[in-house]
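Build me a model:
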Amino acid sequence: MTNLKPCPFCGGVADSDNYYVGEKEKWYWLILCLQCGANMNEEISGDICLKHGIDAWNKRVPPQEG
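A predicted model of the protein is given here:
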């Protein structure tokens, strides 16, 4: 299991996975908040992989109020 920080929007638990889009014949990574549905995804290519996504998710900050 990856060490994902809580969702920056609702504080919910997030999960991660890789998935394949057949018509595009490409793999993607996905990080998804299981509570509010906030997500990040990107095509896996070169050095862009799930670890890249986890690092990006964990650096996100909550939106500023007001």
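
Contacts for the least confident helix or strand in the chain by mean pLDDT, please.
Scoring the helices and strands of the chain by mean pLDDT, DSSP states H and E places helix 50-59 at the bottom, with a mean of 90. Residues outside helix 50-59 that contact it (Cβ atoms under 8 Å, 6 or more residues apart in numbering) are 2-5, 14, 16-18, 29-31, 40-42, 44. Bear in mind the C-beta positions are built from the backbone N, C-alpha and C, glycine included.

quick one: which two of those residues are the most distant?
Greatest spatial distance in the contacts of helix 50-59: Lys5 and Ile44, 21.4 Å, computed using Cβ to Cβ.

measure the one residue sitting closest to the centre of the chain to Arg60 for me?
Nearest to the mean C-alpha position of the chain, by Cα atoms, centre = their mean, lies Ile31 at 2.4 Å. With the distance defined as Cβ to Cβ, to the nearest Å, Ile31 ends up 10 Å from Arg60.

quick one: Leu4 and Leu30 touch, right?
No. Counting by Cβ atoms under 8 Å, Leu4 stays clear of Leu30, with 11.7 Å between them.
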